[in-house]
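>>> Provided below for reference: sequence and predicted model.
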Amino acid sequence: MNRIKFNALKNLFLLFPIFVASLSLNGQTTILASDFGVKSNSFTNASPAIKKAVESCSGKTNVTLQLPGGRIDIWPDGAFKKELYISNSTENDTLSKVKNIAFLLEGLNNITIDGNGTLVMLHGKMESFVSINCTNLVLKNISFDYERPTMSELKITSATSKEVTVEVHPDTRFDIKNGKISFYGEGWKSNAHHTISCDPITGVMKYSSFRPFLESEATQTACREVTFKGDFSKVDLQTGNVLTIRDPYRDNSGALISRSKNISLENVKMHYIHGLGIVSQFSENISLFKVEVAPRPESGRQIAAFADCFHFSGCKGKILIDSCFTSGSHDDPINVHGTHLQITAIDEAKKITVRFMHHQTYGFEAFVAGDSISFINPQTLMLVGLAKLKSAKLINLREMEIEVDGALPANVKTGLCIENLSWTPEVIIRNSRFEKTNTRGLLITTRRKVLIENNTFYRTGMHAILIADDASSWFESGAVNDVTIRNNTFEECGYNQFPGNYVIAISPENHELVPGKYVHRNINIEENIFIVYDDPILKARSTENLIFTGNSIIHTDWLKQQVEKRASFFLNACTKVLIRNNKVSGDFEPMVQIENMLKKDISADIKTLKNEK
């Protein structure tokens, strides 16, 4: 064989492993991140290599990008960077909104990111992944954590009214100068100290205060031990509890899915999230299967989420959450809503200026041409009119200019709010467990069908399920028309909302009631198990066709509240209510209390009391 042929054959064999690695069945191409320099367990910055590997997927379809497994570390240096305005997670100031992003997936179609069991360790403040204008994207078999979470954790080892000693978690960085403690991380320092106390044994989380610690004298008495001397007489501190502390300034989210379609997360673990969690805004068809938000067991940490876990704003199609698990969040595990924008001006050409009203939500297109909209009275939350948009554009970070197709509906004026009806999703939440949160379990406000089944809500600090709708506080829309809540277990929820600690609350923020008209309708609560320590079970306002049947109510003595008996069902301005055929354990006697309605509006086989106020 001559030398030329030999060298050609030699080069072919040298390329053979890469060639084989790039092939799989059904025309699927596999790209190995290791070919771009991503190395397992090197503890060096993988950002530049990850960036090259992701960029190699651009322009390709039917591609799987496979990570090497093990642990990889990602720093902001060399990572993707992009300016992002994220619903419920953008502070109203002049600071940069450019985010550091571990995986920026933009304009990709038919692509799978297979983590292959990789733990991605983030450094500094980062978005774990961002999907923008992607279609048919799968992210699977991957875990994300922070080397230094933006949550600080202190375990109380002893406490008196004048002295408290804590054990500082190994992941918490702190400094003591002139007797004052401060917390810092990789490129940041806490300027505020929002504090929640967590009982690791019971899973109970309660609001606390770090002010007495800041006002006391701190002394480091051992490697990770700090003793505070001051006045602790007005704060409840229990030995063994963990103080979880964060600066509540929202400058990030855990991840972002924006203007994307058919997005699937499978076997994804978020062990710590800085910011609002996995935020999906104006995206269609999102599936979360076996997605977990919880600390790694070996970490010894209590908190995994700075705020919400899964947040959906202005999405459409179907949201499916199946076999998921959340444990250790400073806010709601799931929130699904739209956004009310307020009309601030109508010009002579009937062009309408609408404004984002909440200070943490702005800067993105809430409408596009062709969207269907409704005009809403913010005081009553009642429909004023409907229209279809001829045009829509963002004219500044806070305002959009829209024009309707055809004549403007009568009675439309400044001060009304607008909801995007096209971007409202169908929601299925099933086979999941939600625990260790000081707030609610689920917030659901969408006009399309909702099914919540076969889930466990364990000791949520507030309502396990809240159906709201408002156009004056968070401006989170809208009304619900078809909700089924069945075969769930609600265990000892609501302890942070005493005396209004209802397990389920249907609470639209309509400040004026309109006789004969209702904000929410068609809510069916059936075949659930309610394990309650107190009287309250269900609260509803301005709801038509509310059914509560076939449920089991089991009363425990877990948390005794020393108050007079209260109604288990409190109904305000509701109609066509059915409360029948529920099983009640022991000598617990539930009652129904009604207000702004007549007894003919309800059919119940338990005692009904009318509020005579």
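That came through fine.
>>> What is the helix or strand containing residue 577 packed up against?
Assigned by DSSP states H and E, residue 577 belongs to strand 575-580. If contacts are counted by 3 or more CB pairs under 8 Å, 6 or more residues apart in numbering; DSSP states H and E, strand 575-580 sits against strand 543-549, strand 602-604. Where C-beta positions appear, they are placed from N, C-alpha and C, glycine not excepted.
>>> how about it: buried residues?
Within strand 575-580, the residues that qualify as buried are 575, 577, 579, counting by 16 or more other CB atoms under 10 Å.
>>> For the next helix or strand after that strand, which helices and strands make contact with it?
Using DSSP H and E, the next helix or strand after strand 575-580 towards the C-terminus is strand 583-584. Under the contact definition 3+ CB pairs under 8 Å, 6+ apart, strand 583-584 sits against strand 552-555.
>>> The strand holding residue 577 - which strands sit beside it in the sheet, and in what orientation?
Strand partners for strand 575-580, identified by DSSP bridges, are recorded as strand 543-549 (parallel), strand 602-604 (parallel).
>>> so can I have a markdown table of the ones you listed showing distance to residue 116 and mean neighbour count?
Converted to a markdown table, the strands paired with strand 575-580 look like this (distance: least, CB to CB, whole Å; neighbours: other CB atoms under 10 Å):
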| stretch | distance to residue 116 | mean neighbour count |
| --- | --- | --- |
| strand 543-549 | 47 | 20 |
| strand 602-604 | 56 | 17 |
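>>> So for residue 454, which of these sits nearest?
Residue 454 sits nearest to strand 543-549 of all the strands paired with strand 575-580, at 17.8 Å, using CB to CB.
>>> What are the contacting residues of that closest one?
506, 518-526, 538, 540, 569, 571, 574-582 (CB atoms under 8 Å, 6 or more residues apart in numbering).
>>> Stretch 355-364 too?
Stretch 355-364 is touched from outside by 85-92, 97, 250, 258, 281-282, 313, 339-342, 344, 366, 394, 397-400, 473-475, with contacts defined as CB under 8 Å, 6+ apart.
>>> First-to-last residue distance for that stretch?
For stretch 355-364, the first and last residues are 11 Å from each other (CA to CA, to the nearest Å).
>>> partners of the helix or strand encompassing residue 99, with directions?
Take DSSP H and E as the rule and residue 99 turns out to sit in strand 98-106. Taking DSSP bridges as the criterion, strand 98-106 pairs within the sheet with strand 80-83 (antiparallel), strand 127-132 (parallel).
>>> Following element in sequence after the helix or strand bottoming out on mean pLDDT in the chain, please.
Ranked by mean pLDDT, DSSP states H and E, the weakest helix or strand in the chain is helix 3-21, scoring a mean of 40. Past helix 3-21, further along toward the C-terminus, the next helix or strand under DSSP H and E is strand 29-32.
>>> Can you list the buried residues in that following strand?
By 16+ other CB under 10 Å, the buried positions in strand 29-32 come out as 29, 31-32.
>>> And for stretch 490-509?
Buried residues in stretch 490-509, counted by 16+ other CB under 10 Å: 490-497, 501-509.
>>> distance between it and the chain's centre?
In terms of CA atoms, centre = their mean, to the nearest Å, the centre of stretch 490-509 is set 18 Å apart from its chain centre.
>>> so where do the strands sit in the stretch 501-613 of the chain?
For the stretch 501-613 of the chain, the strands defined by DSSP state E, counting those that start in this stretch occupy 504-506, 520-526, 529-532, 538-541, 543-549, 552-555, 569-572, 575-580, 583-584, 592-595, 602-604, 608-610.
>>> and of the ones you listed, who's closest to residue 76?
Counting by CB to CB, residue 76 lies closest to strand 504-506 out of the strands of the stretch 501-613 of the chain; the figure is 40.7 Å.
>>> Parallel or antiparallel, list what pairs with that closest one.
If you go by DSSP bridges, strand 504-506 pairs up with strand 465-467 (parallel), strand 538-541 (parallel).
>>> between the ones you listed, which gets nearest to residue 421?
Sorting the strands paired with strand 504-506 by CB to CB, the top spot, which is the nearest, belongs to strand 465-467 at 17.9 Å.
>>> contacting residues around the next helix-or-strand element following the closest one?
Past strand 465-467, heading to the C-terminal end, the next element that is a helix or strand (DSSP H and E) is strand 476-477. For strand 476-477, the external contacting residues (CB under 8 Å, 6+ apart) are 335, 337-340, 376, 417, 419, 443, 445, 468-471.
>>> Could you dump these into JSON lines and include secondary structure, neighbour count and pLDDT?
Below are those laid out as JSON lines (DSSP: H, G, I helix; E, B strand; the rest coil; neighbours: other CB atoms under 10 Å; pLDDT from 0 to 100):
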{"residue": "335", "secondary structure": "strand", "neighbour count": "28", "pLDDT": "98"}
{"residue": "337", "secondary structure": "strand", "neighbour count": "25", "pLDDT": "98"}
{"residue": "338", "secondary structure": "strand", "neighbour count": "26", "pLDDT": "97"}
{"residue": "339", "secondary structure": "strand", "neighbour count": "27", "pLDDT": "98"}
{"residue": "340", "secondary structure": "coil", "neighbour count": "28", "pLDDT": "98"}
{"residue": "376", "secondary structure": "strand", "neighbour count": "23", "pLDDT": "98"}
{"residue": "417", "secondary structure": "strand", "neighbour count": "25", "pLDDT": "98"}
{"residue": "419", "secondary structure": "strand", "neighbour count": "26", "pLDDT": "98"}
{"residue": "443", "secondary structure": "strand", "neighbour count": "23", "pLDDT": "98"}
{"residue": "445", "secondary structure": "coil", "neighbour count": "22", "pLDDT": "96"}
{"residue": "468", "secondary structure": "coil", "neighbour count": "24", "pLDDT": "97"}
{"residue": "469", "secondary structure": "coil", "neighbour count": "26", "pLDDT": "97"}
{"residue": "470", "secondary structure": "coil", "neighbour count": "21", "pLDDT": "96"}
{"residue": "471", "secondary structure": "coil", "neighbour count": "28", "pLDDT": "96"}
